[in-house]
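**Student:** sharing a sequence plus its predicted fold:
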Amino acid sequence: MARLGRKIIITAVLLLLPSCVSPPFIPPLREEVRPVEKKVLPLEGKVIVVDPGHGGRWRGATGKNGFAESEVNLGVALYLFGFLQESGARVILTRTTDREVAQGENIELRDDLQARCDIANQSSADLFVSIHHNSDWGDPKRDEIQVYYQIADPGPAFDLAIETGVALFDSIGPRDTDICPGNYYVLRNTRTTAILGEAAFLSHEEDEKRLAFFRSLREEARAYYQGIMNYLTKGVPRISGATPDGQAVTEPPSEITAFIKDEQGIDPASIRLVLDGRQVNVKFDPVTGKISHRPETPLLNGVHTFRIEGRNLAGNAAKAGIDSFTVDCPPARITVSLSQEDKTGIREVSAEVLDKNSLPVIDGTPVEIQSEKGRVLTPKLTTRKGKVKTFLITDRNPGATRITACSGKVITRTQATLSPPSCPVLFVQVRNGQGKPVAAAEITIEDKKVSTDSSGYATVEMPSANQQRGTSMISIARPGYRILSSLVELISSTVTCREFTLESEDAGILKGKTIILDPELLLMGIPGSSPDPEKINERNGALARELREWLEGAGATCHITTEGKPFSTIIDRVLFSSEKKGDYFMTIRHQEQGCRVGYYFNSEPGERLALSLRDSLLKTFGPAECRVSESSEFTIVQTEMPSVLIALPFSSIPEGGESNETVLKETRAIYQGIVQFFKSSKQN
């Protein structure tokens, strides 16, 4: 949404400036202040945790005249405590003096933040309000109001943030007011409805002077009180009784249901049910509050998640009802197919396992394949999307055979004729140190060169002149891995099966690390876009996939934010990083010109990683400038782990189409920067 003068701006994504950066002073003062003339009933008995941000050695932002944010926050919080308590609420302050919340020795900032969350979670609070004040010494004239709501809660937390933002706007005076999703520690780790307010900039001279007066703190607290009161006056509907609720069922459910109720009444038009990421049709009974959805076709086997949303007639949302269930119908039919017979003596055997609804069985369903003749390479398998694949080696006991596949109580048999290989054959599977297949590995044996497929397999047919028993040297190479050489014995009319493990160039350096790779997605279909967004998206994705191969080879676990999703919002990507419990987050971008690596201003490991990446990129791409700078990109600010933005020039993308060589060049540069960062971290 564009800014229109001094307005309240509701943003889905905000390019954030440094928040609560560097360090105003206000000694706490308690005054008996009568609450504003409002009904007290909405607050009666409500448990509200008020969190004055920072405190003790964590002073927060600082004004030009030395006012400490931690004390300003506390001053506002003490006034708010009085207002809320006088209106019947049970109010809990996370701190009442200028001290840390977490107590004990060797307390870190994370411990202090978690202690605030623990207070809210253990008290079963109805609301959590964290009070902060901002600063931006890069732009000391900045005087915005910012209210953040939990990034995963666009319902009650968003509603509370709106009411609070409006009240602050009305109280403090006309200035830009942003209502933004936030993923700050106290927001993502507090289970109740939570907001974080930044009502002023201490780097703004007039704001600092204003906040030096107790009346200003009282007015700000009254605005928070007014926002909370306005929110609770509208009522908060509740969703309950969702079914199926975490169950494993052997029949697809015929109905998904839940109930929503509120004294204000429910707005039927607001009811939404999102099943597996897709909004579906629902029925709503306004008398009983029942919400129901009947799937038109049987649901697939596997885990299903659903989210139910609704608002009351006053406009307030219920906390979304989120649940999941697992459909696990037993196998009912197995279909076996074999690849065409050829002179290699290797037949691919595929099996598809379906349930009674002709749907693929759940992933991980055991399947066993046996043959009366020949050798089944891997007889015991588990399904993925209802399918399994193995190989039948036909160099022993050729002739007619019967292949048996069984899963659960279902058995099927298939007839086949096996012929021996007409030459010595080497059948290879290549894996990395984590046991995952290595695709596109180049295998060289004598004058033969082949590459492994996506499953890490390759077949080498030796010339007939080499049919006698003998040994040959095999070499296996893949960028990012050490070259492997080994002697193999080849026998006439025999298939020699060998498994090889490639070690990363830096084997083990990333062991135990989880890295989230975030290839940026540009909007498609914009007329006159240069370069082509589709081309940029393809390059970002190709680089992320290749980089994952290298990083996993070095021991890391990697996840790609956009993989398997036609469209992922920036919020989806941030939530994905938390779900996967990443240790590091890296956004990959190609831009019009120049090379840049960005990091979060308050992240020391993020800055060191950015510098290491910069150095490696400069070595790879030459003397061209590659800048390192603080970044206010949403993914950098709102991810909970150290994050960097890697922006490469799209001039490296060839005009004639995708180039594997340039992808490898970029991959190696980024990979080496990451490895060097971890090596230096271990040394320190």
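**Tutor:** Perfect, thanks for sending it.

**Student:** helices along the stretch 51-200 of the chain, start to end?
**Tutor:** Under the criterion DSSP state H, counting those that start in this stretch, the stretch 51-200 of the chain carries helices at the ranges 69-86, 109-122, 156-172, 185-188.

**Student:** revised request: answer the last question for the stretch 201-350 of the chain.
**Tutor:** Counting by DSSP H, counting those that start in this stretch, the helices of the stretch 201-350 of the chain are 205-210, 214-233.

**Student:** and the last one, what does it pack against?
**Tutor:** Secondary-structure packing of helix 214-233 (3 or more C-beta pairs under 8 Å, 6 or more residues apart in numbering; DSSP states H and E): helix 69-86, strand 127-134, helix 156-172, strand 193-201. (Glycine included, C-beta is placed from N, CA and C.)

**Student:** am I right that I560 is in contact with P519?
**Tutor:** Yes. I560 lies in contact with P519 (C-beta atoms under 8 Å); the separation is 6.7 Å.

**Student:** name the residues contacting each of the two.
**Tutor:** Common contact partners of I560 and P519 (C-beta atoms under 8 Å, 6 or more residues apart in numbering): G541, A544.

**Student:** ok, the two, which is more surrounded?
**Tutor:** Neighbours were counted for I560 and for P519 using other C-beta atoms under 10 Å; P519 has more, 26 against 19.

**Student:** residues in contact with that one?
**Tutor:** Going by C-beta under 8 Å, 6+ apart, P519 touches N537, N540, G541, L543, A544, I560, T561, T562, T587, I588.

**Student:** if we go to 7 Å?
**Tutor:** By C-beta atoms under 7 Å, 6 or more residues apart in numbering, the contact list for P519 reads N540, G541, L543, A544, I560, T562, I588.

**Student:** which SS state does the nearest residue to it once chain neighbours are set aside fall under?
**Tutor:** Excluding the flanking residues, the one nearest P519 by C-beta to C-beta, 6 or more residues apart in numbering is N540, at 3.6 Å. N540 carries the three-state label helix when classified by DSSP: H, G, I helix; E, B strand; the rest coil.

**Student:** hey, which helix is longest across the chain?
**Tutor:** Determined from DSSP state H, the single longest helix within the chain is helix 660-683.

**Student:** that one packs against which elements?
**Tutor:** If you count contacts as 3 or more C-beta pairs under 7 Å, 6 or more residues apart in numbering; DSSP states H and E, helix 660-683 packs onto helix 533-553, helix 604-621.

**Student:** in CSV: those helices, plus mean pLDDT, distance to S643 and mean neighbour count.
**Tutor:** Output for the helices and strands packed on helix 660-683, formatted as CSV (pLDDT from 0 to 100; distance: least, C-beta to C-beta, whole Å; neighbours: other C-beta atoms under 10 Å):
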stretch, mean pLDDT, distance to S643, mean neighbour count
helix 533-553, 90, 15, 21
helix 604-621, 93, 6, 19
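
**Student:** nearest to I145, of those?
**Tutor:** helix 604-621 (27.5 Å; C-beta to C-beta).

**Student:** how about the CA coordinates for that closest one, as CSV?
**Tutor:** Output of helix 604-621 as CSV, limited to C-alpha atoms (Å, rounded to 0.1, in the frame of the first residue of the first chain):
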residue,chain,number,x,y,z
GLU,A,604,27.5,-10.4,14.4
PRO,A,605,27.5,-13.9,12.8
GLY,A,606,25.5,-12.5,9.9
GLU,A,607,28.0,-9.8,9.3
ARG,A,608,30.9,-12.2,9.4
LEU,A,609,29.2,-14.6,7.0
ALA,A,610,28.5,-11.6,4.6
LEU,A,611,32.1,-10.6,4.7
SER,A,612,33.3,-14.1,3.9
LEU,A,613,30.9,-14.4,1.0
ARG,A,614,32.0,-11.0,-0.3
ASP,A,615,35.7,-12.1,-0.3
SER,A,616,34.9,-15.4,-2.1
LEU,A,617,32.8,-13.6,-4.7
LEU,A,618,35.5,-11.1,-5.4
LYS,A,619,38.0,-13.9,-5.9
THR,A,620,35.7,-15.6,-8.4
PHE,A,621,34.4,-12.8,-10.4
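
**Student:** you'd agree K389 is up against S339?
**Tutor:** No. Using C-beta atoms under 7 Å, K389 makes no contact with S339, being 10.0 Å away.

**Student:** these two - which one has more neighbours?
**Tutor:** K389 (16 against 13).

**Student:** farthest pair in the contacts of P519?
**Tutor:** L543 and T562 (12.2 Å).

**Student:** contacting residues for the residue nearest the centre of the chain?
**Tutor:** By C-alpha atoms, centre = their mean, the mean C-alpha position of the chain lies nearest to F576, the distance being 1.5 Å. The contact partners of F576, by C-beta under 7 Å, 6+ apart, come to T561.
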